[in-house]
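J.: the following comprises the amino acid sequence and a computationally predicted model.
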Amino acid sequence: MFLPKLKIKTGKRSVIFFTLPEWNHAKEKILTGKNVSFLNLQIKYNEKSLILGPVIGAPFLSIVLEVLKSLGIEEIIGIGWAGKLSVKINRGDLFLPLKAYAKEGTSNFYFPKKRVFNPDKTLFERIEKEMIERSIDFKKGSIISVDAPFVFERKKVYLEKWRKKIEALDMETSALFSIGISLQIKVMVLHFIIDEVGKFFKKRPEEEIKIKRQKVFELLKDFLDYKI
């Protein structure tokens, strides 16, 4: 498969932003360095680390991770948005997936017989400890990743089945976990819960997210600078 070379030199850590709004909030705040475009991505990097976004969906994420592996990236934090299914979490919460059910098609190519994936234990525990020390409120639980969230949302049978098992829904987490395992990259994910599956909201919970986002970005900045 032909893939144009990304001719940059960087370190071993990266943050991937799944959504454009979070990327727009972060790109000028958590890393100073050079800018480059690649595969419709915006990338900022220096000699220590790299950030990029937006990366929507598991198939595109798989290409990005293969490229990052070729650059020597060894640790990745993904950050995005998810919708809640459980009463255990609320809109505006910061959510850390401990388990991801793969209902997207990409993970099947890496692990044909496996459907449940987890973040890297050491990276997760390191970031979790840092969040507690910095008084960043968060919740943990399970997530399901799908390729067609609107179809999932319209099917009551899906909602009834999965609401008993999981807290949230997204499009990328299980692929990040599965590909991370396959490529031997340490990965974990942070999500802002911005809506509820099966319900319509005209506005995102920006006020609830605002303070958490600032603290999270400070943490990500220190992660990229190897202070964590």
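T.: The structure has been received and is ready for your questions.
J.: once you drop chain neighbours, what's closest to G141?
T.: Once flanking residues are discounted, G141 sits nearest to E167: 3.6 Å by Cβ to Cβ, 6 or more residues apart in numbering. From N, CA and C alone the C-beta is placed, and that goes for glycine too.
J.: nope, L94 is what I was after
T.: Nearest non-adjacent residue to L94, counting by Cβ to Cβ, 6+ apart: F138, 4.3 Å away.
J.: where's L98, which helix or strand?
T.: strand 94-103 (DSSP states H and E).
J.: distance across stretch 95-112, terminal residue to terminal residue?
T.: 28 Å (Cα to Cα, to the nearest Å).
J.: now do the buried residues in it.
T.: For stretch 95-112, a neighbour-count test (16 or more other Cβ atoms under 10 Å) marks 95-104, 106-108, 110 as buried.
J.: of the residues you listed, closest to R134?
T.: L96 (13.9 Å; Cβ to Cβ).
J.: pLDDT value on that closest one, please?
T.: L96 is assigned 98 on the pLDDT scale.
J.: surely it touches F124?
T.: Yes: counting by Cβ atoms under 8 Å, F124 is a contact partner of L96 at 7.3 Å.
J.: need the residues touching each of these two.
T.: Residues within reach of L96 and of F124 at once, by Cβ atoms under 8 Å, 6 or more residues apart in numbering, are M188.
J.: so how far is P119 from the residue nearest to G141?
T.: The gap separating E167 from P119 is 15 Å, by Cβ to Cβ, to the nearest Å.
J.: how about L159?
T.: 25 Å.
J.: same check on K199?
T.: From K199 to P119 the distance is 28 Å (Cβ to Cβ).
J.: who has more neighbours out of these two?
T.: P119 (25 against 10; other Cβ atoms under 10 Å).
J.: burial count for the closest residue in space to that one that isn't next to it in sequence?
T.: Nearest non-adjacent residue to P119, counting by Cβ to Cβ, 6+ apart: M188, 3.9 Å away. Applying other Cβ under 10 Å, we find 27 residues neighbouring M188.
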